[in-house]
Structure formats: structure tokens, C-alpha cells
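Participant: only geometry, no sequence info:
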């Protein structure tokens, strides 16, 4: 029910923009989050946004480099990733939940979220 796109291979210092679309429902009343999981590591929260008021949350590791945004007309949430480094390599997933804030979406996602996408891989070469 969520579809991610925009992943790929990029050199260290480069940029990518990920997109999260929801073909089956409107995102207006949801919190949307980006999460990532590298091989052998646990899934971690990257950034989250509450669509209604635009409040955001960022993991410390991406602050100042990543920007989450929404385009309600396109029913899409974006993750602009700049100054990428090899430690950012992972499969990136988006998720949606109708009862979370941006903060709780990112900090309490292990309790379970309503909808997940299948992920898009990001590889950053050194």
C-alpha cells in the first residue's frame, strides 16, 4: 500500500531523493516515516513527518543532511538525502500510521505501524 522509489547507487558526498507514494489512500491524516535497515543491523528510524501540521523528527545521524517533506497534491512524501556517506547504505522503507505524531512515529516504531512499503535500496560507495 506504500510504494518507495528513488534509491540507487551514489558516490560518497552525493545526493538522492526518495519518494513514498500511497496509491490506495490519502496521506493527509497520517504520520509518515522513513526507516532504514542495513545488512546485519536492526531497522532504525531516519525521519518522520506529521502530514497535517508538517512537524518533523530527524535521527541525530542525519540532521543537517536529510530533509523530509510532503506534497499533498501528489499524495507523496519525499526524503532528500544530501552529503551521503557509506554508513547511509541500507534498504530504506517508508511507513504510515494514523495515530502517531512525528516524534512517536520515529521513536516508538517497534511497537508496530499500520502500513509499510517494500523498500528501496541505497548504496553509497566510498
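Facilitator: Yep, it's here. What you see is a predicted model, and the numbers here were worked out from it, not measured in a lab.

Participant: now for residue 126: which residues touch it?
Facilitator: Taking C-beta atoms under 8 Å, 6 or more residues apart in numbering as the contact definition, residue 126 lies against 12, 85-86. (C-beta placed from N, C-alpha, C; glycine too.)

Participant: relative to residue 108, which of those residues is nearest.
Facilitator: residue 85 (27.1 Å; C-beta to C-beta).

Participant: from residue 48, how far out is the closest residue to the closest one other than its chain neighbours?
Facilitator: Nearest non-adjacent residue to residue 85, counting by C-beta to C-beta, 6 or more residues apart in numbering: residue 12, 5.4 Å away. Using C-beta to C-beta, to the nearest Å, residue 12 is found at 26 Å from residue 48.

Participant: of the two, who's got more company?
Facilitator: Neighbour totals were compared for residue 12 and residue 48, and residue 48 leads with 29 against 13 (other C-beta atoms under 10 Å).

Participant: all helices for this structure, in order.
Facilitator: For the chain, the helices defined by DSSP state H occupy 102-107.

Participant: and the closest residue to residue 103 other than its chain neighbours, what does it touch?
Facilitator: Spatial nearest neighbour of residue 103, excluding adjacent residues (C-beta to C-beta, 6+ apart): residue 57 at 5.1 Å. Going by C-beta under 8 Å, 6+ apart, residue 57 touches 45, 47-49, 102-103, 105-107.
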